[in-house]
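> quick one: sequence plus predicted model below, questions after.
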Amino acid sequence: MDIKPDEIIGHIGEVLTEKQKKRGILIHAFQKIQHEYNFLPGDALKALSKKLDIPMSDVYSTATFYKQFYFTPRGKKIVRVCTGTACHVRGASKVLNKIKDEFNLEEGETTPDLSMTLETVGCIGCCGLAPVATVNEDIVGEIDMKKIEEIIEAVRQ
Amino acid sequence: MRAKVCCGTACTATGAYKVIDTFKTEAGKRDVSLEIVKTGCQGLCQKGPVLKIEPADIFYQRTKPENVSWIVGYTILGGAPYRQGLYRDNFLSEPVPLMTEIPFYKKQLRIALRNNGRIDPCNINHYLAVGGYKALEKALLSMTPDDVLNEVDKANLRGRGGAGFPAGRKWKHSKGAPGKIKFVIANGDEGDPGAFMDRSIMEGDPHSLLEGMALCAYAIGAQYGFIYVRHEYPLAVKNLNLAIKQAEELGLLGENILGTDFKFTVDIREGAGAFVCGESTALVASIEGERGFPRVRPPRLSEPGGGPWGFPSNLNNIETYACVPVIVEKGSGYFLSIGTKNSPGTKVFALTGKVKNTGLVEVPMGITLREIIYEIGGGILGNKKFKAVQTGGPSGGCIPEKYLDLSVDFDSLISVGSMMGSGGMVVMDEETCMVDVAKFFLSFTQSESCGKCPPCRIGTSQMLDILKKITSGQGQEGDIERLEDLGKKIVAGALCGLGSSAPNPVLTTIKYFREEYEEHIKDKYCRANVCSGLGVYTIEHSECFLCGLCKQACVFGAVKELRNKFFIDQDYCTKCKACYTACPIDAVKVEKQKHYSVQR
């Protein structure tokens, strides 16, 4: 894994100390690792802690604060059900419950065969089409019972 | 001929790219020269994918790939509107071909969203063609930094992030701070559920944000800029990165901007999924690579020691920066002529919930809620009864029907216990349970609380427990008072904006919809039929047509069948609502518990 603090920190690096630069790129480094492995493996974090000279406890404490980061492998398809206000008012909980029942999962869990992870998200910013869910990067809007079946079918494949 | 196709998130989800592909093949087949512009959000998300054909200026909604050949034939070759693809209020009303004639757009006035839907966000030339970077040129070549600052101050531009603090005053603070190095930070961490205006500006018109930030940097003497973007917005990050690159290439960002000594660079910081990072001091901590904990103020961000790495900084919302170029270019007089005396200008709202036309709406301040909901939004979905409108997201409150004619501006919203917030506007009808809504917002803030200060960490969780009890039918006398008491204490004691506004949705719903709380607690009844475990379930025999679905749905065997009727055995009924949802003709009724008393 190749992380260069000077490049990532950008223009602002001109006025920062070496230590501040290393600290400043920490979250970006997590994002990079997660992009590569789909989660944050312990070994990669150890390597990062060494490279940036930040104690392991500090690395973990920062990573666990943010919701974006995961410490266990995740599924191939990530289904996110939006539970924002507009979606809530238009019945997001029904969508969520149906998918939970169908795959026998709770929020944040992954199926044992690593095919799918179920999550909820605060708001995807697509409130006009509520209720909304995303399957990986694709957004499915105005979900009714028929569309839930389609999502389930798409995930099963 | 030009087709401007909306490629905002909602229209993409409904198939905008398929439409574009069909346009391309169709234009190729018929040998028409057609320029396709992929624009940012055009507003009417509900009816996507939407597109506009220029120069005829005909607006199409719900465009399906199979309609494209008709549009090409009628409009592009013939110059006439294709009737079936046009906007119409309902099945019986006349279709409206022109975008400016559609009720949704009629009452709008666009300043922050002025270029959204007009330009291709990935092409800087489009932005330049609509007068982009003119304000920056004017400022750098003919105005001093103080002139720019005074213009913004005079315009009384109030922070669009929600609290409405005047941007000019904030800028003066940062300008006055000692130290040579200063930052300009744009807060794009739009975590409020039900709000997406910042997203559409970053995605659809990134250059006006950059221009606004550059103007701010010039006014306060800053050299570095940050845009803090939520990680859920990958398209925004992509478009912003591209925009920064293009602006740097043209000498509009970087060193020696437009041949002057002014230097300003912009970097993007991606958030990592923490709502609290929208709070200014927490955002600073996150930029530094720490956990996103809010810090005690003072020092404020504009003071030494307050901003990232201690450098004084100016932080504003995306929409605020997007308004700045207009103010500098057209002067503060223009801005002051729009809106109300104390809240000049416009505000973008994300109108969602149970209204017919959802989407992004930019209106002059001082417009009434009724105008927004009934004229722009087209009224309540399914012609149901209006109950409340929620503004300001988790920090705001619910406004009941009696305030529908309230003027929408910073101060009058606060006077009824709600707030502008970032501009989410969620409309609720009679089928929305207000206790459930309060619970929803509180469970959001409770799970997003960073946990640093006890009032927020413990207080919200206590309040949530009480609300959970009430909505599941376990509410007790005195719960409402306990909620009010806890709420007031959290408001007074919390460290940051998240905590001190978290009880607002609960407090306003108690204030305006107290009888619903009381019904939940005393009568064990939810009038919106949202909360399960409440009410008495019965079957109305005069309506029932004996399909038996309720009996199949009941896993507890509470629905009993006689020779020619079904009834619900109250001893077995767990009030799980399964029969109620299963019934196709609403013959299962939920009623209040009846109290009988014997008179002595």
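Here it is on my side, so go on.
> pLDDT below threshold where in chain A?
Within chain A, the ranges that satisfy pLDDT under 70 run A:1.
> ignoring the adjacent residues along the chain, who's closest to the residue in chain A that chain B sits nearest to?
At 2.6 Å from chain B, A:G128 is the closest residue in chain A, using C-beta to the nearest C-beta. Using the backbone N, CA and C atoms, a C-beta is placed for each residue, glycine as well. The shortest distance from A:G128 to any non-neighbouring residue, by C-beta to C-beta, 6 or more residues apart in numbering or on different chains, is to B:C45 (2.6 Å).
> and B:A27, by the same measure?
Closest residue to B:A27 apart from its sequence neighbours, by C-beta to C-beta, 6+ apart: B:L34 at 4.2 Å.
> show me what contacts that neighbour?
For B:L34, the contacting residues are B:1-3, B:23, B:27, B:72, B:76, by C-beta atoms under 8 Å, 6 or more residues apart in numbering or on different chains.
> distance-wise, check B:M143 relative to A:G125.
For B:M143, the distance to A:G125 equals 36 Å [C-beta to C-beta, to the nearest Å].
> before we move on, back to that, could I get the pLDDT score of the residue nearest to A:G128?
Note on B:C45: pLDDT of 82.
> tell me how many other residues crowd the residue of chain A closest to chain B.
Close neighbours of A:G128, defined as other C-beta atoms under 10 Å in any protein chain shown, add up to 30.
> okay but it is in contact with B:Q42, surely?
No. With contacts counted by C-beta atoms under 8 Å, A:G128 stays clear of B:Q42, the gap being 11.2 Å.
> where does the stretch 301-450 of chain B come near chain A, residue by residue?
Contacts of the stretch 301-450 of chain B with chain A, taken as C-beta under 8 Å from any C-beta of the partner chain, map to B:309, B:311, B:350, B:352-354, B:358-359, B:390, B:393, B:424, B:426, B:428, B:432, B:437, B:440-441, B:444, B:448, B:450.
> restricted to strands, list those.
Judged by DSSP state E, these include B:350, B:352-353, B:359, B:390, B:424, B:426, B:428 as members of strands.
> can you tell me the closest non-neighbouring residue to the residue nearest to the spatial centre of chain B?
Taking C-alpha atoms, centre = their mean as the criterion, B:A195 is the residue nearest the geometric centre of chain B, at 1.7 Å. Leaving aside its chain neighbours, B:A195 sits nearest to B:G424 (3.8 Å; criterion: C-beta to C-beta, 6+ apart).
> please tell me how far the residue of chain B found nearest chain A sits from B:E66.
Nearest residue of chain B to chain A: B:C45, at 2.6 Å (C-beta to the nearest C-beta). Separation of B:C45 from B:E66 (C-beta to C-beta): 22 Å.
> ok, those two, which is more surrounded?
Legend: neighbour count by other C-beta under 10 Å for B:C45 and B:E66, higher for B:C45 (31 against 8).
> settle this for me: that one is touching A:V132, isn't it.
No. Contact criterion C-beta under 8 Å: B:C45 and A:V132 do not qualify, at 10.7 Å.
> name the SS class of B:N316, please.
Put simply, B:N316 is strand when judged by DSSP: H, G, I helix; E, B strand; the rest coil.
> list the residues that contact it.
Applying C-beta under 8 Å, 6+ apart to B:N316 gives the contacts B:159, B:161, B:167, B:170, B:185-187, B:216.
> list phi and psi for the residue nearest the centre of chain A.
Centroid check for chain A by C-alpha atoms, centre = their mean gives A:Q68 as the closest residue, at 4.2 Å. Dihedral pair for A:Q68: phi -70, psi -20, per degrees, to the nearest 10.
> please apply the same query to A:L96.
In terms of degrees, to the nearest 10, the main-chain angles of A:L96 are phi -60, psi -50.
> contacting residues for it?
Taking C-beta under 8 Å, 6+ apart, we find A:L96 in contact with A:81, A:83, A:107, A:120.
> and what of B:R83?
Neighbour list for B:R83: B:P95 [criterion: C-beta under 8 Å, 6+ apart].
> just the buried ones from the contacts of A:L96?
Among the contacts of A:L96, those buried by neighbour count (16 or more other C-beta atoms under 10 Å in any protein chain shown) are A:81, A:83, A:120.
> can you pull up the bridge partners for the first one?
Which is A:V81. Counting by DSSP bridges, A:V81 forms beta bridges with A:T120, A:A133.
> what about the helix or strand that contains B:G225, near chain A?
Here B:G225, judged by DSSP states H and E, is contained in strand B:224-229. Yes. In terms of C-beta under 8 Å from any C-beta, part of strand B:224-229 sits within range of chain A, namely B:224, B:226.
> got the contact list for that strand?
Where contact means C-beta under 8 Å, 6+ apart, the residues beyond strand B:224-229 that reach it are A:11-12, A:15, B:181-189, B:202, B:209, B:213-214, B:217, B:236-237, B:240, B:264-271, B:277, B:283, B:286-287, B:308.
> in helices, which of those fall?
B:202, B:209, B:213-214, B:217, B:236-237, B:240, B:283, B:286-287 (DSSP state H).
> filter those down to the ones close to chain A.
Filtering the ones in helices among the contacts of strand B:224-229 for proximity to chain A by C-beta under 8 Å from any C-beta leaves B:286-287.
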